[in-house]
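Colleague: Sequence first, predicted model second:
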Amino acid sequence: MDLFEGLEAFGIECVDKSEIYEAEKKTAVKETTPAGVDINRIILKRTFPCPVCRESFTNWDVFLHKVRLDKTDQELRKYFTPFDPLYYAAIICSSCGYSALRNSFDKITPKQIKLIKEHITPRFKFKEYPQVYTVDMAIERYKLVLYNCVTKEAPASEKALVCHRLSWLFKDKEDKENEKIFRENALKGFVFAYTNERLPIAGMEAQTLEYLIGELYRRSGNLEEAVRYISMAIMQPRGASAKIKTLAIDAKELILQERAAAGAQSAGEAKPE
């Protein structure tokens, strides 16, 4: 499976980048505008200074005070209307091709700048985007961010966060195969980060990350590891997030139900004819 399929549009010809955690081993917005919505008041051009090439550039961006939060799901994804900022969080420099999620765009080291200039900038092709991104456009942009992460040897947590967001986008696209692939890669990276990186990790404190890892294990079918991490999130001391604790308790109940269902199925299969 080529995780970076489709980046040819940016001049990136990928060769065997299917393993995004190799370094660690060694050391929907709707496709049509909602009726009655003035997109020019919600989606605007924002200027960014590039920390790699030092040029200024613009990307379309959703202004948070112009959208409404509707809900947060069990994977901690927030849903907004009428447009989802998730689709616009991948920032791409139009001059050099450096790309990252908004909250980490300016967090880059001199060594990483050198790697981007050597391996991405010479091949990068600028691509113009319309004001309203489709899910496929968002996926394309996030894949370029992930390719940048691998190229600049970013921490596992940074790569995991991008993979997690990609799993959400593929869920919006109803592409279950790729949703699963990127969720599994997110889980792999978060587990590594949990034991090897300092808190906060990808903006998360220990309890939130423990809960999220447990939930991702639950969705992958590994109920033993799921209950272990979920239990750690529940057992966090006073002062921890009550919201996360509630989500963890709900997740543990789901795990118990899934275990019971699996046990009943096994018992039924074991009955003699």
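Modeller: The structure has been received and is ready for your questions.

Colleague: what's around the closest residue to residue 241 other than its chain neighbours, how many residues?
Modeller: Spatial nearest neighbour of residue 241, excluding adjacent residues (C-beta to C-beta, 6 or more residues apart in numbering): residue 207 at 6.0 Å. For glycine as for every other residue, the C-beta is placed from the backbone atoms N, C-alpha and C. Residues near residue 207, counting by other C-beta atoms under 10 Å, number 20.

Colleague: any idea which element residue 207 lies in?
Modeller: Here residue 207, judged by DSSP states H and E, is contained in helix 206-220.

Colleague: Likewise for residue 69?
Modeller: In this structure, residue 69 sits in strand 68-72 according to DSSP H and E.

Colleague: what does stretch 224-233 rub up against?
Modeller: Defining contact as C-beta atoms under 8 Å, 6 or more residues apart in numbering, one finds that stretch 224-233 is touched by 207-208, 210-211, 213-215, 217-218, 244-245, 248, 251-252, 255.

Colleague: in that stretch, what counts as buried?
Modeller: Neighbour-count burial for stretch 224-233, with 16 or more other C-beta atoms under 10 Å as criterion, is recorded at 225-227, 229-230, 232-233.

Colleague: In this structure, mark out all the helices, start to finish.
Modeller: Secondary structure of the chain (DSSP state H): helices located at 22-26, 110-119, 135-151, 156-172, 176-196, 206-220, 223-234, 242-270.

Colleague: For the residue nearest the centre of the chain, give me the pLDDT.
Modeller: By C-alpha atoms, centre = their mean, the chain has its centre lying nearest to residue 165, at 2.4 Å. pLDDT, residue 165: 98.

Colleague: Quickly note the distance from it to residue 159.
Modeller: Separation of residue 165 from residue 159 (C-beta to C-beta, to the nearest Å): 11 Å.

Colleague: For the stretch 101-250 of the chain, give me the ranges with low pLDDT.
Modeller: Applying pLDDT under 70 to the stretch 101-250 of the chain flags residues 238-239.

Colleague: swap the cut-off to 80 and go again
Modeller: 236-240 (pLDDT under 80).

Colleague: Nothing else from me, thank you.
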